[in-house]
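Trainee: Output the structure for:
(one chain, ligands or ions: 1)
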Amino acid sequence: MLARSEKDKLLMIPGPTPVHWEILQALGEPPISHTGPEIAAIMRRALQLLHELMDNADGHVFVFAGSGTLAQEAAVVNFVEPGQRLLVASNGYFGDRFVPIARAHGIDVEVLAARWGTSVTPDELARVLDRGRFVAVTLTHVETSTGVMAPLEELVTVAHECDVLCIVDGVCALGGIPEPMKRSSIDVLLSGAQKALGVPPGLSILGVSHQAWERRERRSTPVNAYYADLSNWLPSMQDPQRYFSTHAVNLMYALRTALEIIVVEGFEARYARHRQLAEQFRAGMAELGFEPVTDPQYLAPTLSVLRVPHELNPHDLRQELARQGVIAAAALGEFADTALRFGHMGNISAAEIAQTLAATKSALAHTRTGAEAPGHSR
Ligand SMILES: Cc1ncc(COP(=O)(O)O)c(C=O)c1O
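Mentor: Reported below is the predicted structural model:
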């Protein structure tokens, strides 16, 4: 069962996602010593389960207090050196975020941008990498601004043919869509806690393959960071009783509980549930006149970015939806004035999808009546 907040409203934004009451209860336990044997046992279990979820048995996994953005920065600064060339393959707002991160660290960045609502294709990637001398490429598995799921395996294959390291942003995917590092040859996979894993915000998560770590050890310059330098964290991940920086003790309880919930559900069953709920949600919303802004071949199972019926203002509709008990997110960039974003990931079920559809139906009726009232303008 999911815990509710904001006076019992249902949080259907693309992260943070609604939190299962067992996870919330774990979070609320009293803190314990960050270097004691109890937290070490909890973290060892969480890290073991993350290794399994990421299919990264012979690589390293890192979890520390932070967010998705810190995980993006840690990935860039540990695997690309100042002056080296990084290609940012961007499908939208969060892909673009790698650009200022890399520039802040003196990295030479080039951007390959897809039209919003579509993805960079393997052919386009191959063409740019062929002429580039790039050491790494960033790929965003699910772009949360556009609802695009990139053709990850094909993109990674192309990058490896050009001997380029792949940094994959799995913030809006890990725990809801398969991201098998070994099977898909992903070098670095980064994520956060607050989306498909169903944990409250506050953790940066990184998986690093064995080969990527070896490559990192051959760097010719020191890592230009302290907190985000993964070699500072490694001893503390291998033995959580070794101090580098205070572990986010309560979030570690929550993460461990969330991962146990995922294991009980089963990885494949969880991915299938995400696919089914996405289809149910989009079919129901289509009946109400909402269509994805996303190219149909790239629709992500974790969120939908939907164009609202043309006569309506998405900002008014979002406010009315909140009055009906459901929180949706504003759309970003070029979709900001025509669409809304809905998350459907983590520990939600068909009940939350049904509630969102019912609330949207009634919000539509209220907004249309309001729009017809004299003096109302769009
Ligand atoms: C795909 C993606 N990458 C990175 C981020 C940044 O994560 P955070 O907001 O936790 O810093 C987000 C946040 O929504 C995201 O969706």
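
Trainee: Next secondary structure element downstream of the helix or strand of the chain with the lowest mean pLDDT?
Mentor: Every helix and strand in the chain was compared by mean pLDDT, DSSP states H and E; the lowest is strand 2-3, with a mean of 74. Using DSSP states H and E, the next helix or strand after strand 2-3 towards the C-terminus is strand 10-11.

Trainee: Report the distance from the least confident helix or strand of the chain to the chain centre.
Mentor: Put simply, strand 2-3 sits 20 Å off its chain's centre (CA atoms, centre = their mean, to the nearest Å).

Trainee: Paired strands for it, with orientation please.
Mentor: Here strand 2-3 has these sheet partners by DSSP bridges: strand 19-20 (antiparallel).

Trainee: pLDDT wise, what is residue 373 at?
Mentor: pLDDT recorded at residue 373 is 49.

Trainee: Grab the nearest non-local neighbour of the residue in the stretch 251-378 of the chain that the ligand sits nearest to.
Mentor: In the stretch 251-378 of the chain, no residue comes nearer to the ligand than residue 303, which is 8.8 Å away by CB to the nearest ligand atom. C-beta here means a position set from N, CA and C on the backbone, and glycine is covered the same way. Excluding the flanking residues, the one nearest residue 303 by CB to CB, 6 or more residues apart in numbering is residue 14, at 4.1 Å.

Trainee: need the contact list for the one you found.
Mentor: 144, 172, 195, 302, 303, 329, 341, 342, 343, 345 (CB atoms under 8 Å, 6 or more residues apart in numbering).

Trainee: Separate out the buried members of those residues.
Mentor: Buried members of the contacts of residue 14, scored by 16 or more other CB atoms under 10 Å, are 144, 172, 195, 302, 303, 329, 341, 342, 343, 345.

Trainee: will you turn the residues you listed into TSV that also has pLDDT and secondary structure?
Mentor: Formatted as TSV, the buried ones among the contacts of residue 14 follow (pLDDT from 0 to 100; DSSP: H, G, I helix; E, B strand; the rest coil):
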residue	pLDDT	secondary structure
144	98	coil
172	98	coil
195	98	coil
302	98	coil
303	98	strand
329	98	strand
341	98	strand
342	98	strand
343	98	strand
345	98	coil
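
Trainee: related to what we said a few turns ago, in JSON lines: the contacts of residue 14, plus distance to residue 361.
Mentor: Formatted as JSON lines, these follow (distance: CB to CB, whole Å):
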{"residue": "144", "distance to residue 361": "25"}
{"residue": "172", "distance to residue 361": "27"}
{"residue": "195", "distance to residue 361": "26"}
{"residue": "302", "distance to residue 361": "23"}
{"residue": "303", "distance to residue 361": "20"}
{"residue": "329", "distance to residue 361": "19"}
{"residue": "341", "distance to residue 361": "19"}
{"residue": "342", "distance to residue 361": "14"}
{"residue": "343", "distance to residue 361": "19"}
{"residue": "345", "distance to residue 361": "22"}
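
Trainee: Specify which member of those is nearest to residue 253.
Mentor: residue 195 (18.8 Å; CB to CB).

Trainee: Quick check: the gap between that closest one and the ligand.
Mentor: 7 Å (CB to the nearest ligand atom, to the nearest Å).

Trainee: What residues does that residue make contact with?
Mentor: 14-17, 171-176, 302, 343, 345-346.
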